[in-house]
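Engineer: below are the sequence and a predicted model; questions follow.
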Amino acid sequence: MKTGHGILATIRLREWAHDRAALRTGRTTNYQRSGWRERRQRDADAAIVRVVDFENTLAQLTPHQQQILTLAYLCGYSQEETAALTHTNPLSIAYSIQRAREALAEALDRRNLLY
């Protein structure tokens, strides 16, 4: 894996969590800052495509990797909470999350979604 891909994967995970939360609540654009905009604007569509592309790539990982990344980044659980929920040794969860991020970075890079 290239240097910096783990960091880029972490950034993409955080973007995904943010976009997904915005889509769930219907806040895909910032109406207070930019005023009313027609639905035909592409902001919402771009967010949907980013989320779908990311989730398709995430689905290529093992179920355990998907689970720990979702718990850690989408749900916001700490490493201790993630370990308890996945019945994993708390000492190995940090290593498992790192390996899952690396696997995600490689999958995103293959699909040209990392940058």
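Structural biologist: Happy to help now that I have it. Residues are numbered from 1 along each chain as shown.

Engineer: residue 94: neighbour count?
Structural biologist: 12 (other C-beta atoms under 10 Å). In short, each C-beta sits where N, CA and C put it, glycine included.

Engineer: check residue 112 too.
Structural biologist: Neighbours around residue 112, by other C-beta under 10 Å: 8.

Engineer: that one and residue 57, how far apart?
Structural biologist: 10 Å (C-beta to C-beta, to the nearest Å).

Engineer: who touches both of these two?
Structural biologist: Common contact partners of residue 112 and residue 57 (C-beta atoms under 8 Å, 6 or more residues apart in numbering): none.

Engineer: list the contacts of residue 54.
Structural biologist: Residues in contact with residue 54 (C-beta under 8 Å, 6+ apart) are 12, 15-16, 108, 113.

Engineer: now with 7 Å, please.
Structural biologist: With contact taken as C-beta atoms under 7 Å, 6 or more residues apart in numbering, residue 54 is in contact with 12, 16, 113.
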